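Trainee: No sequence on hand, only this structure:
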């Protein structure tokens with residue numbers, strides 16, 4: 001009998017019957033502090049000890065931003081396919097089946113409409129957990145449909161970016177979505193509908209180089225990593241050390257790349273403020 005198993009049940013029960021703490025009840029911050037996940041959720045998923053903005057998905061953003069967490073999801077049944085019959089280490093079709101089952105998502109972006117402080121807003125929010133929030137044909141199509149909805153219903157439009165870039169499994173079809181979305185954004189501007197873009201951690205690749213960076217107002221969360229290529233690739237390419245804080249939202253604010261850094265707990269108020277400024281309600 002192993003030494004750590006008691007033969008008699010007195011003050012301690014046998015080791016094998018000891019219950020483990022359920023996973024997900026605690027969160028460890030970058031500074032090493034441990035906090036309850038319920039406390040983290042109540043604080044808009046921002047670590048109270050070090051103000052670190054934890055990476056979250058579309059559902060969490062919708063819960064935080066929309067009044068009482070109420071919203072209507074748009075285009076929920078639009079799903080990724082395999083237009084090129086792509087195979088790398090595994091078939092793209094199999095990869096899609098696995099990630100859809102694991103995440104419960106149909107693609108890397110979700111559209112929703114609801115009220116923010118009583119004002120109707122339409123939001124397209126990316127999910128990094130779905131193949132790194134990568135841009136594919138479905139993301140382009142869903143964002144285009146959300147823009148059409150905003151034009152039809154005259155609601156300010158918001159994109160929350162969280163992506164590693166284009167989806168290689170869709171090759172040139174993925175890159176075509178950049179032009180598709182930007183063309184739709186021209187229609188949005190022609191109809192005097194404001195476009196707010198919010199860059200979160202991480203925002204990289206073609207999305208940052210295109211529609212993620214051409215909003216009427218460009219916001220970013222504190223400490224978010226934002227760029228085209230990653231710092232390691234850039235450093236190896238130019239053969240030089242990069243400036244301290246390179247590609248952080250604070251560095252980009254200083255260089256004029258973003259208009260403002262907005263704390264997640266204040267994001268809802270700021271979206272309403274900017275929407276009212278750009279599109280006053282008569």
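Mentor: In hand now; what should we look at? From a predicted model like this one, the values you see are computed outputs, not experimental measurements.
Trainee: Please enumerate the strands of the chain.
Mentor: Assigned by DSSP state E, the strands in the chain fall at 26-28, 34-36, 71-74, 109-116, 119-126, 157-163, 195-203, 217-220, 260-261.
Trainee: So which residue is dead centre in the protein?
Mentor: Residue closest to the average C-alpha location in the chain (CA atoms, centre = their mean): residue 162, at 3.6 Å.
Trainee: from memory that residue sits against residue 133, does it?
Mentor: Yes - judged on CB atoms under 8 Å, residue 162 makes contact with residue 133 at a distance of 4.8 Å. C-beta: built from backbone N, CA, C; applies to glycine.
Trainee: Common neighbours of these two, please.
Mentor: Common contacts of residue 162 and residue 133 (CB atoms under 8 Å, 6 or more residues apart in numbering): 126, 127.
Trainee: Distance check, the residue lying closest to residue 279 once chain neighbours are set aside against residue 43.
Mentor: Of all residues not flanking residue 279 in the chain, residue 194 sits nearest, at 5.0 Å (CB to CB, 6 or more residues apart in numbering). Distance from residue 194 to residue 43, counting by CB to CB, to the nearest Å: 29 Å.
Trainee: If you count surrounding residues, which of the two has more?
Mentor: Between residue 194 and residue 43, counted using other CB atoms under 10 Å, the more crowded position is residue 194 (20 against 15).
Trainee: so what's that one scoring on pLDDT?
Mentor: At residue 194, the model reports a pLDDT of 98.
Trainee: is it true that residue 262 touches residue 221?
Mentor: Yes - in terms of CB under 8 Å, residue 262 counts as a neighbour of residue 221; the distance is 6.9 Å.
Trainee: Residue 154: what's it in contact with?
Mentor: Shown in contact with residue 154 (CB under 8 Å, 6+ apart): 191, 193.
Trainee: ok, it to residue 133 distance?
Mentor: Per CB to CB, residue 154 is found 28 Å from residue 133.
Trainee: mind listing the helices for the stretch 51-200 of the chain?
Mentor: Residue ranges of the helices in the stretch 51-200 of the chain, as given by DSSP state H, counting those that start in this stretch, are 58-65, 92-103, 137-153, 171-190.
Trainee: So for residue 47, which of these sits nearest?
Mentor: Proximity to residue 47 (CB to CB) singles out helix 58-65 among the helices of the stretch 51-200 of the chain, at 14.5 Å.
Trainee: so what secondary structure elements neighbour that closest one?
Mentor: strand 109-116, strand 119-126, helix 267-278 (3 or more CB pairs under 8 Å, 6 or more residues apart in numbering; DSSP states H and E).
Trainee: one more time with 6 Å, if that's ok
Mentor: Counting contacts by 3 or more CB pairs under 6 Å, 6 or more residues apart in numbering; DSSP states H and E, helix 58-65 is packed against strand 109-116.
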